[in-house]
Each structure stands twice: as C-alpha cells, then as structure tokens.
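> have a look; sequence and predicted model below, questions after that.
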Amino acid sequence: MARLILASASPRRRELLMQIGLQFDVIPAHIDETRRANEAPSAYVQRLALEKAQAIHQLHPNDFILGADTTVEIDGQALEKPAVFPDARADAERMLRFLSNRTHHVHTGVAILSPKASRSHLETTAVTFGAIGEVELAHYLDSGEPYDKAGAYGIQGYAARWIPRIDGDYFNVMGLPLAAVMQLLHELGYND
C-alpha cells in the first residue's frame, strides 16, 4: 500500500497531520530555497512546495508525497524566517514592527505527487495585527519563539495576543491548510 510522506522538517506540519489522524512518514527534502529575482511570494511558495515533493518523489515514486512551503507577504515583500546572520533578533524585530497595526497575507503552497498524478494548491489567509507594545515585543524576542517562523511569529503562540482577526484558514497560518490537503489527497485516490 502506498505511504504518505511529508517532504518537510517542519514540526508544526507534522503536528497538524497527526492532529487529523493521518499516518505518514517524514523525509525532509533538501533543496535550494533561494527566492528568485522578482518572484512573487505566492509563486515562490508554490514552486518550493512542488520542488520539495519532486525531490522525494524521485526516491519514492510509488508513494504519496506532500510538499509545502509558507511565507508571509506584506507590501509585496516576503518575510521568511528571521535571518541568523548577522542578527536574527534584529531581523525578527524589524519584521514584527513592520507587521504591527497592519494586515498581511500568509501564503502556503501545497503540492502532492502520487504514483499516477499530482495536485497543487495555493492557500492565502489575511491576518490582521494590532499594535505591538515595546514591552511585549522585547518579551517575545527574549522568548526565542519567533526565530524559526516565517514572519517571526506563530499564530498559535504568544503572538496570538496581537491578532484580533484573520480572514481565511487558521491552519494555513500555522503552515498547512488541512482541509485543502485532505481534498487533494482524496482527489488523488489516497485512502486514510
């Protein structure tokens, strides 16, 4: 029987798939994730999701491979995970100040390759931030939480205090639009 393989090292994606009862293996894809010149953030996540799935599909062509990538977009800019070099804290602070009191979009590209066909999907959720106070910002940066997340925040953590509204799929903001993933899997004939 064909397995489901998650082509991602993301602990949040793993947790989300477990939450909905799927059985799967994890084999992270190691690809170049450099954004191309003038590549729109939505196109970027779609390309990376497909490239991740393709990399693992080459090794496991008889299985269902799930690739995904998420980014935060504001004013046409992609906000990835804070850059470790030269200073992740300063990069996270810059991003959070940029997001404060504004609405941004979270894009997740999803690609699923099966032994016979493939499906892809782009999910976009609008997230509105309230004002981020200086004391709260310093506390959050000290917590270590923002450093492995696109846009320097996780909706399911401390940053939830700044988010009065979202328009779209909550789980997409966490990194994987679960209903869309299940629909694609069913279209491809995957039986969970």
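Thanks, I have the structure now.
> residue nearest the middle of the chain, spatially speaking?
The geometric centre of the chain, computed from its C-alpha atoms, lies nearest to Thr70 (C-alpha atoms, centre = their mean), at 2.8 Å.
> that one belongs to a strand?
Yes - residue state for Thr70 (DSSP: H, G, I helix; E, B strand; the rest coil) corresponds to a strand.
> Ala150 is in contact with that one, correct?
Yes - between Thr70 and Ala150 there is a contact at 5.3 Å, judged by C-beta atoms under 8 Å. In this view, the C-beta of every residue, glycine as well, is placed from N, C-alpha and C.
> which secondary structure elements does the one helix or strand Thr124 maps to contact?
Per DSSP states H and E: Thr124 is located in strand 118-128. On a contact count with 3 or more C-beta pairs under 8 Å, 6 or more residues apart in numbering; DSSP states H and E, strand 118-128 meets helix 41-57, strand 103-113, strand 165-167, helix 170-174, helix 178-187.
> what angle sits between the first one and strand 103-113?
Spelled out, it's helix 41-57. 30 degrees (axes from the mean of the first three to the mean of the last three C-alpha atoms, to 10 degrees).
> mind saving the C-alpha coords of helix 41-57 as PDB?
Presented in PDB, the C-alpha positions along helix 41-57 are these (Å, rounded to 0.1, in the frame of the first residue of the first chain):
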ATOM      1  CA  PRO A  41       5.800  35.400  -2.700                       C
ATOM      2  CA  SER A  42       2.800  33.300  -3.800                       C
ATOM      3  CA  ALA A  43       4.700  31.900  -6.800                       C
ATOM      4  CA  TYR A  44       7.700  31.300  -4.500                       C
ATOM      5  CA  VAL A  45       5.800  29.000  -2.100                       C
ATOM      6  CA  GLN A  46       4.100  27.100  -4.900                       C
ATOM      7  CA  ARG A  47       7.500  26.500  -6.600                       C
ATOM      8  CA  LEU A  48       9.100  25.300  -3.400                       C
ATOM      9  CA  ALA A  49       6.300  23.000  -2.400                       C
ATOM     10  CA  LEU A  50       6.500  21.400  -5.800                       C
ATOM     11  CA  GLU A  51      10.300  21.100  -5.800                       C
ATOM     12  CA  LYS A  52      10.200  19.500  -2.300                       C
ATOM     13  CA  ALA A  53       7.600  17.000  -3.400                       C
ATOM     14  CA  GLN A  54       9.500  16.200  -6.600                       C
ATOM     15  CA  ALA A  55      12.800  15.700  -4.700                       C
ATOM     16  CA  ILE A  56      11.300  13.000  -2.500                       C
ATOM     17  CA  HIS A  57       9.100  11.600  -5.300                       C
END
